[in-house]
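Enquirer: Give the three-dimensional model of this entry:
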Amino acid sequence: YMTTGTVTTFTISAEKVPAPVATHLKVEGITDPIKAGESSKVIISALDSSNNVVTDYTGTITFTSDCSNATLPGNYTFKTSDSGAHTFPDSVMFYTVGTCSVTATDVTHPSITGTQSDIDVVAGQQTGTITASGHDGQIGDDVAITSSVVKDAYGNVVKDVAVTFYIVRPDGRVITLTAS
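Expert: Predicted coordinates:
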């Protein structure tokens, strides 16, 4: 008994796939909103064009902010042990109320960059510095505080704070007023 047939030959070729290349950085993790004077972490990840982490990224990055009065991490060179992402704990601090952004940029390849934007910086804790204005005449029983301003340690106005004033009259009586 004999069988005849066709033999099919397959050719397999292997191409070397290039390693992913970082095209941009992801900047994230900064507390938002954040109080003036409070620190926050920032996380930087090196990503390829498909937003995958480039685990062998070893570039050096620098930080900038559009808020001139900010504390940021110094330059950092990624290590292979970072696997393309690094957390900088308690390394970002703003001092002025407003909207800020933080940008990380590769020092050698400035097109590799990323930004966390629209970070809302609010007034920090009150410091006890209070400016008040009110009645100019003799202090009688009808004292009125017409305005009061409470500021944080950086000069930012702290809003929605109740302040109690204790006014001592010349006769020794104390008048208590609360302003908010």
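Enquirer: G98 pairs with what?
Expert: V121 (DSSP bridges).
Enquirer: Okay, strands next: where are they in this structure?
Expert: 24-28, 34-35, 39-47, 60-65, 70-71, 76-77, 85-94, 98-106, 113-122, 126-134, 145-152, 163-168, 174-179 (DSSP state E).
Enquirer: now the ones you listed in CSV, with distance to P18?
Expert: Just so you know, the C-beta spots here come from the backbone N, C-alpha and C atoms, and that holds for glycine as well. Compiled in CSV, the strands of the chain are given as follows (distance: least, Cβ to Cβ, whole Å):
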stretch, distance to P18
strand 24-28, 18
strand 34-35, 40
strand 39-47, 16
strand 60-65, 22
strand 70-71, 38
strand 76-77, 23
strand 85-94, 21
strand 98-106, 19
strand 113-122, 22
strand 126-134, 56
strand 145-152, 52
strand 163-168, 64
strand 174-179, 67
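Enquirer: ok, G37 - contacts?
Expert: 93, 95, 124-125, 152-154 (Cβ atoms under 8 Å, 6 or more residues apart in numbering).
Enquirer: mind redoing it with 6 Å?
Expert: When contacts are counted by Cβ atoms under 6 Å, 6 or more residues apart in numbering, G37 touches G124.
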